[in-house]
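Undergrad: Provided below are the primary sequence and the corresponding predicted coordinates.
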Amino acid sequence: MLTDKETALLDAATELVQEKGMIALNMSDVHKRAGYSRAAQYQSFSDKNALLAALCMRELVNNTKAIEEQRFDEFTGQFTVVLRPVVYRYLKLSDRLMIDSAFGLMLAQVRSLPDEERFNFLKSGFEFLNKEREMNN
């Protein structure tokens, strides 16, 4: 369960990524946007990779819930780029294990979606991502 501080930091990071892109995300901007000190931020997220892992994890969990509850319009893919090998391999082992577990749960939900045209792109995209991940493990 996320604390209010962690939620505020992740929300601020999400806004900044939407404004500037993931590469331009600066840790100094995150804590300022969220209204916390630099020290408070680093108590929750040790570096940019830990923050990206948390953003990805939150998205995976939210997506899994959205599918389970058939709220398909709330499904997002902004932070799935963290799952790509170019970013993923730089995460700490504990973050990778956590993300792998959440990705597996979400992928099972994606696979359970009906075979309807509106879900085909989503299904094929996550199957591609899964194959790419399997090849790089």
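TA: On my side now, so go ahead.

Undergrad: tell me what the least confident helix or strand in the chain by mean pLDDT is packed against?
TA: When each helix and strand of the chain is scored by mean pLDDT, DSSP states H and E, helix 85-88 comes last, with a mean of 86. Packing contacts for helix 85-88, counted by 3 or more CB pairs under 8 Å, 6 or more residues apart in numbering; DSSP states H and E, involve helix 117-135. Any C-beta I mention is one placed from the backbone N, CA and C, and that applies to glycine too.

Undergrad: List of residues touching the helix it packs on?
TA: The contact list for helix 117-135, computed with CB atoms under 8 Å, 6 or more residues apart in numbering, reads 72, 75, 77, 80, 83-85, 88, 103, 106-107, 110-111, 113.

Undergrad: picking that back up, toward the C-terminus from the least confident helix or strand of the chain, list the very next helix or strand.
TA: Counting by DSSP states H and E, the next helix or strand C-terminal to helix 85-88 is helix 93-111.

Undergrad: Mind listing what's buried along that following helix?
TA: Of the residues in helix 93-111, those buried by neighbour count under the rule 16 or more other CB atoms under 10 Å are 95, 96, 98, 99, 102, 103, 105, 106, 107, 109, 110.

Undergrad: Take these and lay them out in CSV including distance to residue 63 and pLDDT.
TA: Formatted as CSV, the entries for the buried residues of helix 93-111 read as follows, by distance: CB to CB, whole Å; pLDDT from 0 to 100:
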residue, distance to residue 63, pLDDT
95, 18, 94
96, 18, 94
98, 15, 94
99, 13, 95
102, 9, 96
103, 10, 96
105, 10, 96
106, 5, 95
107, 10, 96
109, 8, 95
110, 8, 95
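
Undergrad: could the residues you listed go into JSON lines alongside distance to residue 118?
TA: Output for those, formatted as JSON lines (distance: CB to CB, whole Å):
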{"residue": "95", "distance to residue 118": "32"}
{"residue": "96", "distance to residue 118": "31"}
{"residue": "98", "distance to residue 118": "30"}
{"residue": "99", "distance to residue 118": "26"}
{"residue": "102", "distance to residue 118": "24"}
{"residue": "103", "distance to residue 118": "22"}
{"residue": "105", "distance to residue 118": "22"}
{"residue": "106", "distance to residue 118": "18"}
{"residue": "107", "distance to residue 118": "18"}
{"residue": "109", "distance to residue 118": "15"}
{"residue": "110", "distance to residue 118": "13"}
